[in-house]
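Sequence and predicted structure, then a few things I'm wondering about:
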Amino acid sequence: QVQLVESGGGLVQAGGSLRLSCVVSGRTLNTYSMGWFRQAPGKEREFLAAIAYSGSSTSYADSVKGRFTISRDNTKNTVYLQMNSLKPEDTAVYYCAAARNFVVIVSAYDSWGQGTQVTVSS
C-alpha cells in the first residue's frame, strides 16, 4: 500500500505561481507513474499531468499545457507540480495519485492523496 501526502496549496493572485509537492511512502516511488488531478466544486475530477516512473515521459491536459510542469525526484520520493500564470478557473482541490502504468485516465489511478486546496483570486 502506498500513501501520498500533498502540500503547497494556498491562496494566490491571478498570474502568480505555486509549487505543489506530493510525498510518497510505503513503496518505492520509482515503481509508479504519477499524476496530478484537480476537482472544483460541482465538477468531475480532471486530469492535469502525468509522469512516467523514470521521468522520461510526461503528458499534460490542454488546459494547463505550457503553464504547469510535472516533475519527480525519486531519491526524495516526491512528485512536484509547478503552476505558473495561474487563473481564477484553476481554483480547485489538487490531488496526486499513483498508477502502475503511464496513463491519463482518472480511473486507472488506484492510490490517492487527500488533496490540497488552491485558490486563485482575480
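Here it is on my side, so go on.

any chance you could map the strands in the protein?
3-7, 10-13, 18-25, 33-39, 46-51, 58-60, 68-73, 78-83, 92-99, 111-112, 116-121 (DSSP state E).

Can I get those in CSV including distance to I105?
For every residue, glycine as well, the C-beta is placed using N, CA and C. Compiled in CSV, these are given as follows (distance: least, CB to CB, whole Å):
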stretch, distance to I105
strand 3-7, 18
strand 10-13, 29
strand 18-25, 19
strand 33-39, 9
strand 46-51, 7
strand 58-60, 11
strand 68-73, 16
strand 78-83, 18
strand 92-99, 9
strand 111-112, 14
strand 116-121, 22
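
Tell me the spacing between V93 and G9.
V93 sits 8 Å away from G9, going by CB to CB, to the nearest Å.

Also K65?
21 Å.

And these two? Which one has more around it.
G9 (18 against 12; other CB atoms under 10 Å).

Do you know the pLDDT at that one?
Looking at G9, its pLDDT stands at 97.

and if you look at V24?
At V24, pLDDT is 94.

tell me the contacts of it?
Applying CB atoms under 8 Å, 6 or more residues apart in numbering to V24 gives the contacts 2-4, 32, 34, 77-79, 98.

For the residues you listed, give me TSV that also has pLDDT, neighbour count and distance to Y109.
Output for the contacts of V24, formatted as TSV (pLDDT from 0 to 100; neighbours: other CB atoms under 10 Å; distance: CB to CB, whole Å):
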residue	pLDDT	neighbour count	distance to Y109
V2	88	17	11
Q3	93	14	14
L4	96	23	10
Y32	88	26	9
M34	95	28	9
N77	92	18	17
T78	95	18	17
V79	96	30	12
A98	94	24	6
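
ok, of those, which one's closest to V23?
T78 (5.3 Å; CB to CB).

Many thanks, have a good one.
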